[in-house]
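Chemist: I would like to see how this sequence folds:
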Amino acid sequence: MAAIWAHKLRSALTLLGMIVGVTAFVTVVSLIQGFNVYIDEKNRGNRGQVVSVQRFNPFRRFQRHGHDRGGPATATKILSLRIMDT
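Modeler: Model (predicted):
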């Protein structure tokens, strides 16, 4: 306790930093919850429409139907995609 009173400025700045940190955390959480409620309310009117949202990972190669989308298009890939899409 004596160290706190001996270093009043350091103690005040530490307390201020904690207050700012907690306030920022609460603000961010509140904003995220508000955005989620807003999106839910907007989507309630779109009952007949389908919305699909997927996460994109740029470090993982994207694959569709077991075929690698990278690289040149070969006749085999094109024919196999045409068969799967029909």
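Chemist: for the rest of this, base every contact and every neighbour count on C-alpha atoms.
Modeler: OK.
Chemist: could you pull out the strands for this structure?
Modeler: Applying DSSP state E to the chain gives strands spanning 63-64, 67-68.
Chemist: low-scoring pLDDT stretches of the protein, where are they?
Modeler: 46-52, 56-71, 82-86 (pLDDT under 70).
Chemist: if you set the cut-off to 90 instead, what comes out?
Modeler: Regions of the chain meeting the criterion pLDDT under 90 cover residues 1-6, 36, 38-86.
Chemist: do a quick rundown of the helices in it.
Modeler: With DSSP state H as the criterion, the chain has helices at 2-6, 8-44, 75-85.
Chemist: and for Leu81, the neighbour number?
Modeler: 14 (other C-alpha atoms under 10 Å).
Chemist: kindly apply the preceding question to Lys77 instead.
Modeler: Neighbourhood size, Lys77 [other C-alpha under 10 Å]: 14.
Chemist: okay, it and Ile19: tell me how far apart.
Modeler: Here Lys77 is placed at a distance of 58 Å from Ile19 (C-alpha to C-alpha, to the nearest Å).
Chemist: check Arg10 too.
Modeler: Distance, Arg10 to Ile19, by C-alpha to C-alpha: 14 Å.
Chemist: ditto for His7
Modeler: 18 Å.
Chemist: and for Phe25, the neighbour number?
Modeler: 12.
Chemist: and Ala2, by the same measure?
Modeler: Close neighbours of Ala2, defined as other C-alpha under 10 Å, add up to 6.
Chemist: kindly report the same for Ser80.
Modeler: For Ser80, the neighbour count with other C-alpha under 10 Å is 12.
Chemist: next one: Val29
Modeler: Using other C-alpha under 10 Å, Val29 has 11 neighbouring residues.
Chemist: next one: Asn43
Modeler: 13.
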